[in-house]
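Undergrad: fold the following and give me the result.
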Amino acid sequence: MRVTPSIPAISLVMAIALVSPALGSHICAALPPYSLTNAVQQHPELQQAYDTVKANAVATWYTDRGGSSQIPDLLAQCQDDIPSIVIYGLPDKDCGDGGFSQSGDNKNADMYRTWVQTLVSQVGQRQVIYVLEPDAVGLVAAGGCGVQKGYLQNLKVAVGLLASNANAHIYVDVASWADQNQAVNVLVELKTAGRLSGIAINTANYRPTSELNDLCQSYSTVTGGLHCVLDVSRNFNGSPQNEWCNARSAGMGSPPTYATNHPLVDYHLWIKVPGESDGECTGRSSDAMVGPAAGQFFLDGFKSLWNQGYYVVIMGLPKIGEGGVSKSNTAPSSSTSPPHPLKDSPEPTNEGVKLFAQCGGLLNA
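TA: Now for the predicted structure:
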């Protein structure tokens, strides 16, 4: 579905100028995902794939489920590069039926404000990329529990606090399954709360980049020029059956980069960690692989993504099990704490939700 513009289209030149502040090109890759560093210790056959994947900056997830302890490490190790952080801690988040990540420490608006302010104080005035509250805009746009549970007001509080850093690049997540016309209304409202750089699309999903570019253009046209970041971590093969849950047809995506070849797309990111499960995925399509709980490492899923993805198909690296174990001496980071399961954003299940697990990222392109 495409958005029908309800306001005059702005020129691309003007759209480019609306992004603030100036984006840098170097995204911090200092913290390899905990789930992968742990997995390679148990499965040495993954070493070569791990060595390749960890070169990509993976977004660090700041959650109210114990996922905040990585932030000091991230900031300390990213002195010269830009950290990317996913904020996932709304009270009653993931409120649709069967949500994977409904629990959390933030029980009300005051707790949420304090929690976001803690992050803002830690980051200070340095450059940072924020991806804000996956699935939330989609659930508000659906008009059900996201509205009843006050998501919009909490999102506005978060945008206002995050925007107090003049060097923050703030992208609120808009799931590809969201009702676009209603999502536009939510975005227009959020822009009144503070400086919003744009939207994040395809978080923990599999949609092809060409489709995401069109979606970005549609949203930008009707929101006064908002830009986009795209999660390309698992979209190499697209989503042939529109499956959002551990798609067996999926392939690991191309490396994160600022060289997106689209004037409205600021970055291709790896927001979802390749190999972290979308959930048990029972009762889904034939393209869904039954896996562990959301956010847990899924060995068969990781192998499938690697063997069918960019690094094998395009770069010619060996499939797992065919190329031996690399001799890398890179040791897993001992300072990172396990990210906590979140979920995945796809076709409207759970009132349009099912979202992810944690980190995803970027590379110094």
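
Undergrad: how about low-confidence regions in the chain?
TA: Filtered on pLDDT under 70, the chain yields the residue ranges 1-25, 67, 97-102, 323-365.

Undergrad: check the gap between the residue minimising distance to the centre of it and residue 232 for me.
TA: By Cα atoms, centre = their mean, the chain has its centre lying nearest to residue 271, at 3.2 Å. Separation of residue 271 from residue 232 (Cβ to Cβ, to the nearest Å): 9 Å. C-beta here means a position set from N, CA and C on the backbone, and glycine is covered the same way.

Undergrad: you'd agree residue 134 is up against residue 175?
TA: Yes: applying Cβ atoms under 8 Å, one finds residue 134 in contact with residue 175, separated by 7.3 Å.

Undergrad: strands of the stretch 251-365 of the chain, start to end?
TA: Along the stretch 251-365 of the chain, the stretches classed as strands by DSSP state E, counting those that start in this stretch are 265-269, 360-362.

Undergrad: dump the first one to CSV, keeping only the CA atoms.
TA: Only the C-alpha atoms of strand 265-269 are listed here, as CSV (Å, rounded to 0.1, in the frame of the first residue of the first chain):
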residue,chain,number,x,y,z
VAL,A,265,17.8,7.1,3.3
ASP,A,266,20.5,8.2,5.7
TYR,A,267,21.7,4.7,6.6
HIS,A,268,21.3,1.0,6.0
LEU,A,269,21.6,-0.5,9.5
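
Undergrad: what is that strand packed up against?
TA: In this structure, strand 265-269 packs against strand 128-132, helix 209-222, strand 227-231, strand 360-362, with contacts taken as 3 or more Cβ pairs under 8 Å, 6 or more residues apart in numbering; DSSP states H and E.

Undergrad: how about these in CSV, adding distance to residue 54?
TA: Shown next, in CSV, are the helices and strands packed on strand 265-269 (distance: least, Cβ to Cβ, whole Å):
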stretch, distance to residue 54
strand 128-132, 19
helix 209-222, 23
strand 227-231, 18
strand 360-362, 10
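
Undergrad: possible to save these as TSV with mean neighbour count and distance to residue 160?
TA: Formatted as TSV, the helices and strands packed on strand 265-269 follow (neighbours: other Cβ atoms under 10 Å; distance: least, Cβ to Cβ, whole Å):
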stretch	mean neighbour count	distance to residue 160
strand 128-132	25	12
helix 209-222	20	21
strand 227-231	29	20
strand 360-362	31	25
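
Undergrad: confirm that residue 38 sits in a helix.
TA: Yes: according to DSSP: H, G, I helix; E, B strand; the rest coil, residue 38 belongs to a helix.

Undergrad: so which of the helices and strands packed on strand 265-269 comes closest to residue 151?
TA: Shortest distance between residue 151 and the helices and strands packed on strand 265-269, using Cβ to Cβ, is found for strand 128-132: 11.2 Å.

Undergrad: can you show me the helices along the stretch 51-200 of the chain?
TA: Ranges of helices in the stretch 51-200 of the chain, per DSSP state H, counting those that start in this stretch, are 70-77, 109-123, 136-141, 145-148, 151-162, 180-191.

Undergrad: pick the most buried one from those helices.
TA: helix 136-141 (a mean of 28; mean count of other Cβ atoms under 10 Å).

Undergrad: now it, how far from the centre of its chain.
TA: Distance of helix 136-141 from the chain centroid (Cα atoms, centre = their mean, to the nearest Å) equals 16 Å.

Undergrad: kindly report the same for stretch 54-63.
TA: Stretch 54-63 has its average C-alpha position 9 Å from the chain's average C-alpha position, going by Cα atoms, centre = their mean.

Undergrad: any idea how far residue 174 is from the residue nearest to residue 198 when sequence neighbours are not counted?
TA: Using Cβ to Cβ, 6 or more residues apart in numbering and skipping the chain neighbours, the partner closest in space to residue 198 is residue 227 (3.7 Å). Residue 227 is 12 Å from residue 174, where distance means Cβ to Cβ.
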